[in-house]
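A.B. asks: structure, please.
(2 chains)
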Number of protein chains: 2
Amino acid sequence: MKAVIVVCDGMGDRPSRILKGLTPLQAAEAEVFNEIARLGECGIIDVISPGQPPGSDTAHLALFGYDPHIYYSGRGAYEALGAGVDLKNGDVAFRCNFATVNQEGVVVDRRAGRISTEEARILAEALKDIKLEDAETIFLSTVEHRGVLVLRGEKLSRMVSDVDTHELGVKIPEPRPLEDSEEARRTARILKEFIEKARKILEEHPLNIERASRGLKPANIILPRGAGTLPNIKPIGEMWNIKAAAIAGGALYKGVAKALGFDIINVPGATGTVNTNLKGKVEYTINALKNYDLVFLHIKATDTVSHDKDPLKKKEVIEWISRELHPLLEIVREKEYYLVLTADHTTPSEIGDHRGDPVPLAIMGPAVRRDWVERYDELACARGGLGRIRGIDLMRILMNYMDKVPLFGE
Amino acid sequence: MKAVIVVCDGMGDRPSRILKGLTPLQAAEAEVFNEIARLGECGIIDVISPGQPPGSDTAHLALFGYDPHIYYSGRGAYEALGAGVDLKNGDVAFRCNFATVNQEGVVVDRRAGRISTEEARILAEALKDIKLEDAETIFLSTVEHRGVLVLRGEKLSRMVSDVDTHELGVKIPEPRPLEDSEEARRTARILKEFIEKARKILEEHPLNIERASRGLKPANIILPRGAGTLPNIKPIGEMWNIKAAAIAGGALYKGVAKALGFDIINVPGATGTVNTNLKGKVEYTINALKNYDLVFLHIKATDTVSHDKDPLKKKEVIEWISRELHPLLEIVREKEYYLVLTADHTTPSEIGDHRGDPVPLAIMGPAVRRDWVERYDELACARGGLGRIRGIDLMRILMNYMDKVPLFGE
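C.D. replies: Coordinates of the predicted model:
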């Protein structure tokens, strides 16, 4: 018995004016999605708890059965893992932006004029030489202005404040300890030292001088946020005695999957954007099912267009994803595998931000109690045989179908 | 974004013989209720947990998001607050009845012949002079035979037994400490002293002598019960960064709302009975929405007729409430506010007491996923898009719609 979990990021939505009071899922003609609902049992999921807006990180912890109230230890670790850092216990990792500050240290642009991935890589290279007294540093640029910083050494803590406050026109704050501990104070001090040394290197870097001469904003500072450490968990494979693999474009999702013990399968052209190689991701998913019991396929595009506040585009993206999943549906049907189709949170496309409304769920597979739901959307699924469940319960429900859950009692 | 929560007390019910197997809500022609269901999303609520009959106090704690298993600290405090006592931390408050005992101290009437509010007030006045060695006392009569007693002083505890055992024909018990602590023993002793001193004053009071001469039962004893202290909570306004007001007739509901940090808006003629000025309460609710983000409107009549075991009357009361809510519905629609319609517990009108069956719920407002439910009743709502939720989850669901719930994670 094998299973695929397809998570379309931020796919849950609310009635949209542009779509005449329908949600993008309701408005979409998503035949494969609907077929999954028809062949399966449906429900809705409170990914964290009713009304609670999940972050992308906590949402995935919950969907894979790890209570984020217990196991969440900051986002930075997932970003770093997703960027390919071989993170170790004790490391503290940060998400970072290349940004632009003026001479007074006031943030002028949080994305350094949306600096290109290539240019950011050159700047990141220059930061490799930074030596600190009390910790090693690893800095990697990822996509465009984004990057990750890892502090490695003795006595570090993730309890340090964000330097990136998401605000413009304010002087960047110094990192502060968030608890009264030597470790937190020490980490804040080390982080401050890194930022200062990085700023000096970046200000003087030929690439930034050249950017300035072209009238572009220099990427003259690193703004870290979201300090995180590896979660202290039992890997998903051990948890259920399965082999699990993950396919995702976005670094965060790869990072979460890696932290939870999934093998990461990289797909050429899988970018975590609307231009991703979805066909390739689906092919690789089908292929991975030969060697793995559980394959997690993450699709980011639904969230991206939600953050862009484009309900119409979201409907189209849903229709595209539905079409591209066709070969997977065929295989799952033929082989009598299980297929879970859901979302990690609701991102209303008129708001452009996460909300705590439940997300739709369909599970197809040989043993499910196939219900009467004919469409895959937020409301149709709410009428399904699964009712309203919590994110934390999904894995056990699936593993139960796969005969992986031991009896409790005798 | 603003919201109203309308709680019709004890409105949930069971199939009734008199109503040919329908519940009062099912039998009612309650057009405004049905319209709220049609425009909204529906579900059912286990106010505490499935099958657990809630008290009115614990029910409201839960509906406002405070887990009563953690925050419930006895009913007396709410009664005292509702009666207008400026309760302080450390005070222990009791609900009290004026009752009639014979010379042996055996309870003859728990309500002293349903003594009138006016007469009770005169008697209460006479109890003001009671001086105890170890605590101050505040005694206030409220409606008819009801009143509240507050003990104020050092080292008091709410862990003392009820003196009112709800039984007739038994000798009133002495208050006992309910735990092995100095505070509990001390409080039981102080309470005993108050009851004895009050009994002496009441026995000799001219009003009671005059009542006896008319063949009426004298109100010659105070029976305290439900010792309570202020709950240790974060006020609702701080919890969600909102301004919240409450409109209720019954003292208990005002008291709970006050304890939770609501501003109390008093409406002339709002009595907490079937003869209440409901039109006025609805007008004041609409008016309060100008200055408050959240308005709680409590309507007691549905519970009163349930306790009177009158399903037919309950159906009529429901129809009356539905009609009176019409102006509120219009405003909510026009202004795109949120409106929650629910009950705090089920009071089957053939039993006349609280039961643990779930209660119906409808939430209307701009962002809700409007479902297919066409009627507001226990069964129709159970098919709704919200499914089955817990009381404790309602506030977060509503605050999520009002953009008041911060992300968990990133």
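A.B. asks: need the strands for the stretch 1-150 of chain A, in chain order.
C.D. replies: For the stretch 1-150 of chain A, the strands defined by DSSP state E, counting those that start in this stretch occupy A:3-8, A:41-46, A:92-101, A:107-109, A:136-141, A:146-152.
A.B. asks: chain center to the fourth one, what's the gap?
C.D. replies: Using CA atoms, centre = their mean, to the nearest Å, we find the averaged C-alpha position of strand A:107-109 to lie 26 Å away from the chain's own average C-alpha position.
A.B. asks: A:Glu378 is in contact with A:Asp13, isn't it?
C.D. replies: Yes. A:Glu378 is within contact range of A:Asp13, at 6.9 Å (criterion: CB atoms under 8 Å). Every C-beta, even on glycine, is put in place using the N, C-alpha and C of the backbone.
A.B. asks: between these two, what contacts are shared?
C.D. replies: Jointly contacting A:Glu378 and A:Asp13 under the rule CB atoms under 8 Å, 6 or more residues apart in numbering or on different chains are A:23, A:25, A:346.
A.B. asks: quick one, domains of chain A?
C.D. replies: If you go by automatic domain parsing, the domain ranges for chain A are A:3-72+A:232-401, A:80-228.
A.B. asks: can the last one be said to contact chain B?
C.D. replies: In this case it means domain A:80-228. Yes. Contact of domain A:80-228 with chain B (CB under 8 Å from any CB of the partner chain) involves A:Gly226.
A.B. asks: got phi/psi on A:Asp86?
C.D. replies: phi -90, psi 80 (degrees, to the nearest 10).
A.B. asks: run a quick neighbour tally on it.
C.D. replies: 10 (other CB atoms under 10 Å in any protein chain shown).
A.B. asks: per-residue confidence at it?
C.D. replies: At A:Asp86, the model reports a pLDDT of 94.
A.B. asks: so what's it up against?
C.D. replies: Here A:Asp86 is in contact with no residue (CB under 8 Å, 6+ apart).
A.B. asks: kindly report the same for the one 4 residues further on.
C.D. replies: A:Gly90 makes contact with A:152-154, A:156, A:229, according to CB under 8 Å, 6+ apart.
A.B. asks: report the buried members of these.
C.D. replies: The neighbour count (16 or more other CB atoms under 10 Å in any protein chain shown) marks A:152-153, A:156, A:229 as buried among the contacts of A:Gly90.
A.B. asks: nearest to chain B, of those residues?
C.D. replies: Distance to chain B across those (CB to the nearest CB) is lowest for A:Thr229, with 14.4 Å.
A.B. asks: from B:Ala30, how far off is the closest one?
C.D. replies: According to CB to CB, to the nearest Å, A:Thr229 and B:Ala30 sit 55 Å apart.
A.B. asks: cool, and A:Glu203?
C.D. replies: 70 Å.
A.B. asks: what about the two, which has more around it?
C.D. replies: B:Ala30 (24 against 14).
A.B. asks: so who does the residue of chain A found nearest chain B touch?
C.D. replies: Nearest residue of chain A to chain B, counting by CB to the nearest CB: A:Gly55, 2.5 Å away. Under the criterion of CB under 8 Å, 6+ apart, the neighbours of A:Gly55 are A:75, A:354, B:407-410.
A.B. asks: name the member of these that has the highest neighbour count.
C.D. replies: Counting by other CB under 10 Å, top hit in those: A:His354 with 28 neighbours.
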